[in-house]
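# Build me a model from this:
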Amino acid sequence: MIIGMLIFHDMTQLDFTGPYEVFSKMPGCEVKIIAKTLEPVVAKGGLKFVPDFTIDDVPALDLIFIPGGHGVSALMKDRSVLEFIRAQAQHAKYVTSVCTGSLVLGAAGLLKGYRATTHWTSIDLLPHFGAIAARDRVVVDRNRITGGGVTAGIDFALAIAAEVVGEDAAKTIQLVIEYNPEPPFNCGHPDTADVKILEALTQKLVPLQATRLVEAKEAAKLYC
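From the prediction side, this is the model:
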């Protein structure tokens, strides 16, 4: 199985590195890192990644994966990247994303009529692409598999591993990476977060969310 992971400037690196850690340990699977060019990609925060292929020379993929992050704003309007995703999705067995990467799948017209999830701050944007928004950590609808925000990428990738190489192999990977989370705070989701913290963060994100709503509506005009 050939797994293609798209990377782009200002992506959230953990959206990518969490699933990569799992995918790279799946028996019989080969992971290809893809970008628009072969130049190093700088994630939000400064971490750099070097792609293996460009969108023009990568082979046909069995699984295509899109991470999220601030860079999705530009990606949702990048016709060459969206065309690449659409073309690969025609024959890929699995079309997947983590965090706001689902907005890119939506912008490519690939979530119409599908249940999907994303980061909690962007969940209300999915219907603009014809998707059915679901607030689960991992959502599987036919061959569309989407994960929630950032850390959900590990859960997402383990669910894919169970589907592709079997539950025992997925459990072995989980054990190898010691994925046994015990967070020090129960503040990782709006349903459990401290009200004051949630309100302060939500208020801080108002300008970004307003801009992203406009961007999502504009992107939806391309293929949706």
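
# what residues does stretch 25-33 touch?
Contacts made with stretch 25-33 from outside it, assessed by CB atoms under 8 Å, 6 or more residues apart in numbering, are listed as 1-5, 7, 20, 23-24, 49-53, 58-59, 61, 161, 164-165, 169, 173, 176-177. Bear in mind the C-beta positions are built from the backbone N, C-alpha and C, glycine included.

# Counting by contacts, list what the longest helix anywhere in the chain packs against.
Using DSSP state H, we find that the single longest helix of the chain is helix 206-223. With contacts taken as 3 or more CB pairs under 8 Å, 6 or more residues apart in numbering; DSSP states H and E, helix 206-223 sits against helix 72-75, helix 79-89, helix 101-107.

# And the second one, what does it pack against?
Contacts defined by 3+ CB pairs under 8 Å, 6+ apart place helix 79-89 against strand 2-6, strand 63-66, helix 101-107, helix 206-223.

# Could you say which one of the helices and strands packed on helix 206-223 comes nearest to P184?
Closest to P184 of these, according to CB to CB: helix 101-107, at 27.4 Å.

# In stretch 26-42, which residues are buried?
In terms of neighbour count (16 or more other CB atoms under 10 Å), stretch 26-42 has its buried residues at 26, 29, 31-36, 41-42.

# out of these, who's nearest P207?
Nearest to P207, judged by CB to CB, of the buried residues of stretch 26-42 is V42 at 23.3 Å.

# Bridged to the closest one, which residues?
K48 (DSSP bridges).

# didn't it look like it was pressed against H9?
Yes - using CB atoms under 8 Å, V42 makes contact with H9 at a distance of 5.6 Å.

# so what's in contact with the two at the same time?
With CB under 8 Å, 6+ apart, V42 and H9 have no common neighbours.

# From A108, how far out is the residue nearest the centre of the chain?
The C-alpha lying nearest the average C-alpha coordinate of the chain belongs to V98 (CA atoms, centre = their mean; 2.3 Å). To A108, V98 is 16 Å away according to CB to CB, to the nearest Å.

# repeat for P184
From P184 across to A108, the span is 38 Å (CB to CB).

# Among these two, which residue is more densely surrounded?
In this view P184 and A108 are compared by other CB atoms under 10 Å, and A108 has more residues nearby, 27 against 5.

# which phi and psi does the more buried one have?
Backbone dihedrals for A108, given as degrees, to the nearest 10, come out at phi -80, psi 0.

# okay, it: pLDDT?
A108 carries a pLDDT value of 97.
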